[in-house]
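Visitor: no sequence on this one, just coordinates:
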């Protein structure tokens, strides 16, 4: 079992402050290069049906550290490709990700983030409608998208817009644009977020689910290893499930 060191004292950080243009150039360069870290450590190449684990990352460093630690203790993790999809460029987070040594690692960066576009979409604009403004007032003020509140009567919030657009961008990036996944026609793609933690046998369980779905549910295109349902608790789990 790998014991991954969460207290790496050799991290060095570059202070970019809030220079959105410099950050934009950096992430464009990283996205273009498509570097796979640790690839030289493994004689066995990634297979057509390898498991690709994608983690959507914002900037919650502590959560991410614990997720990485749990991944490091997972059986057969060395056979996977771990892709971190970021919507925030941070040198400390980059150093943490790049210090991983237990599997292949790639970083991709959502190029239309609030960090790189603070004053236009998906960031906030001075003419945007306030979240809770009444529709009649929004129309009178002629703020952006006054006619298009959501079904609850709320207007766009940039952080949620970014999350949604980032989610769809990363999927298109992985399926359509990355060289490493181009020929992985039977890959199993596992989607995680930075505040998850996983069990040591999660890859084994995922492969069991994959085999079961082929025999029992050939039309199934999505498998779930967990749930967020508020109706399920430790007390009633076996009754509900």
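Guide: Structure's in. What do you need? These figures come from a predicted structure and were not determined experimentally.

Visitor: centroid-wise, who is the farthest residue in this protein?
Guide: Distance to the chain centre peaks in the chain at residue 140, reaching 39.0 Å (criterion: C-alpha atoms, centre = their mean).

Visitor: the helix or strand where residue 82 lies: partners in the sheet, and parallel or antiparallel?
Guide: Secondary structure assigned from DSSP states H and E places residue 82 in strand 81-86. Applying DSSP bridges, strand 81-86 is found paired with strand 51-57 (parallel), strand 104-109 (parallel).

Visitor: now what about it, what contacts it?
Guide: For strand 81-86, the surrounding residues in contact (C-beta atoms under 8 Å, 6 or more residues apart in numbering) are 27, 36, 46, 50-58, 71, 93, 97, 100, 103-110, 166, 170, 173-174, 180-181. Glycine gets a C-beta too; all of them are placed from N, C-alpha and C.

Visitor: then stretch 137-157?
Guide: Residues outside stretch 137-157 that contact it (C-beta under 8 Å, 6+ apart): 125, 127, 128, 129, 130, 131, 132, 133, 134, 135.

Visitor: burial of the residue nearest to the third one when sequence neighbours are not counted, as a residue count?
Guide: In space, residue 128 comes closest to residue 144 once its chain neighbours are excluded; the distance is 4.9 Å by C-beta to C-beta, 6 or more residues apart in numbering. Look at residue 144: counted by other C-beta atoms under 10 Å, it has 14 neighbours.

Visitor: how close does the residue sitting nearest the centre point of the chain get to residue 45?
Guide: Nearest to the mean C-alpha position of the chain, by C-alpha atoms, centre = their mean, lies residue 56 at 1.2 Å. Per C-beta to C-beta, to the nearest Å, residue 56 is found 26 Å from residue 45.
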